[in-house]
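> How does the following fold in three dimensions:
(one chain, ligands or ions: 2)
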Amino acid sequence: MTEDARERKKTIVSGARPSGRLHLGNYIGALQNWKQLQEHYRCYYFIADWHALTTGYADSHEIKESSREMLLDWLGAGLDPEQAVLFRQSEVKEHAELFLLLAMITPISWLERCPTFKEQLRELEGKEINNYGFLGYPLLQAADILAYRADAVPVGEDQLPHLEITRDTARRFNYLYGKTLPEPEALLGKYPLLPGIDSRKMSKSYDNYIALADPPETIREKVRRMITDPRRVRRNDPGRPEVCTVYRFQEIFNPAEGAPLEDSCRTAEIGCVQCKEILARRLIEMLAPLQEKRHSLEQQPAYLEEVLREGEKRAREEARATLEAVRGAMGL
Ligand code: TRP
Ligand code: SF4
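Numbering: from 1, shown residues only. Ligands and ions are numbered 1, 2, ... in the order given. Alright, predicted model coming up:
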């Protein structure tokens, strides 16, 4: 890429806490979007291993392995280290320096009234998360983003409060020290929310997910357990695709073959067993290339290390330049 083209390309930053093996919800919710963006933007995608500590500090020994698993799925799903910069947050210390500097100008009330903070305190009741790092979660995220002077951040709706804090912090910095940090925009994907096999939102914590790395037999078995139309008890009962989880999957993952089954379901021409077989076959076929890639990468630990080392080098370069500008603006 010429310097000129590089200048014109917008910068995208996004991260994910290392959650181990990813599932289909992660895939359509974020990964697919990240993959498309990497072709048109300068993308920085990182494993937010420090963020994992904010609530999981007691399980710190699991972070390395979860990070490796997630990276395998990233690469398997088509994130390309030649295009996007892939790295671990904890290997780019500039995030920590910027976090510290921004902490000086961030009112505590911004963090205390952040809806995700209040919600997590409620949800994780009983878990000791009265730690300072947890309160600072959104500010660390702001540092992640501002360290690359990002133009846009692809995230789910749940992250909007953190983007708000990021922009407020950039604005406050610019107000105090002169225009240095651009205010990034959120890039909300149009991704459909994916239900899990029990029809609640697909999530690791509900144990209702289909992992990208699930072998064919596991996929078949999970699809067999999927909730269908509860009123369709007997084979001859007409079905209602609009309330059926299997049908949601057909629409999203099998538009050519599965979506047209709508009428056959309503007229009870097709039974759920067959409908599920069609879906399972499609999912297995769709995930095969991804799993093949993952499998071959598993045999190449040196290559994985290399990807991260290279990404970290590129990330550091950019973050270093930002920190120089930040220190300069502050007169340090
Ligand atoms: N908080 C994000 C999540 O839970 C992860 C994250 C950390 C992030 N830093 C970020 C996302 C910076 C976008 C940009 O999904
Ligand atoms: Fe759902 Fe398919 Fe059964 Fe209809 S036939 S209820 S779409 S699983």
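> ranges for the strands of the stretch 51-200 of the chain?
85-88, 152-155, 185-188 (DSSP state E, counting those that start in this stretch).
> Quick check: which of those is buried the most?
Ranked by mean neighbour count under mean count of other CB atoms under 10 Å, the strands of the stretch 51-200 of the chain are led by strand 85-88, which reaches a mean of 24. Every residue, glycine included, has its C-beta placed from N, CA and C.
> Please save the CA atoms from that strand in PDB.
Output of strand 85-88 as PDB, limited to C-alpha atoms (Å, rounded to 0.1, in the frame of the first residue of the first chain):
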ATOM      1  CA  VAL A  85      -3.500  -6.200  12.700                       C
ATOM      2  CA  LEU A  86      -4.100  -9.000  15.200                       C
ATOM      3  CA  PHE A  87      -2.700  -8.700  18.600                       C
ATOM      4  CA  ARG A  88      -2.900  -9.100  22.400                       C
END
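> quick one: is it near ligand 1?
No - shown here: strand 85-88 not in contact with ligand 1 (CB under 6 Å from any ligand atom), separated by at least 12.1 Å.
> Direction included, what does that strand pair against?
Partners of strand 85-88 in the sheet, by DSSP bridges, are strand 42-47 (parallel).
> Do any residues in the strand it pairs with lie close to ligand 1?
No - using CB under 6 Å from any ligand atom, strand 42-47 never reaches ligand 1; the gap is at least 7.5 Å.
> Look at the residue in the stretch 51-200 of the chain that ligand 2 sits nearest to and say how many residues are nearby.
With CB to the nearest ligand atom as the measure, Ser199 is the residue of the stretch 51-200 of the chain nearest to ligand 2, at 11.2 Å. Applying the criterion other CB atoms under 10 Å, we find 17 residues in the vicinity of Ser199.
> will you turn the strands of the stretch 51-200 of the chain into TSV that also has mean pLDDT?
Formatted as TSV, those follow (pLDDT from 0 to 100):
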stretch	mean pLDDT
strand 85-88	98
strand 152-155	96
strand 185-188	94
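> Looking at the ones you listed, which is nearest to Pro138?
Closest of the strands of the stretch 51-200 of the chain to Pro138 is strand 152-155, at 12.1 Å (criterion: CB to CB).
> starting at the chain centroid, how far to the closest one?
In this view, strand 152-155 has its centroid 10 Å away from the chain centroid, taken as CA atoms, centre = their mean, to the nearest Å.
> what does it rub up against?
10-14, 30, 33-34, 37, 41, 145, 159, 162-163, 166, 184-189 (CB atoms under 8 Å, 6 or more residues apart in numbering).
> What average pLDDT does the longest helix that the chain contains get?
Criterion DSSP state H: the longest helix present in the chain is helix 301-330. Mean pLDDT, helix 301-330: 98.
> That one packs against which elements?
In terms of contacts (3 or more CB pairs under 8 Å, 6 or more residues apart in numbering; DSSP states H and E), helix 301-330 is packed against strand 42-47, helix 63-76, strand 85-88, helix 94-103, helix 160-177.
> now with 6 Å?
Here helix 301-330 touches strand 85-88, helix 94-103, going by 3 or more CB pairs under 6 Å, 6 or more residues apart in numbering; DSSP states H and E.
> Report how many residues lie close to Glu324.
Considering only other CB under 10 Å, Glu324 is surrounded by 11 other residues.
> I meant to write Ala58 there.
For Ala58, the neighbour count with other CB under 10 Å is 10.
> picking up where we left off before, quick one: the residue of the stretch 51-200 of the chain closest to ligand 2 and Ile227 touch, right?
Yes - contact criterion CB atoms under 6 Å: Ser199 and Ile227 qualify, at 4.4 Å.
> between the two, what contacts are shared?
Residues touching both Ser199 and Ile227 (CB atoms under 6 Å, 6 or more residues apart in numbering) are Thr245.
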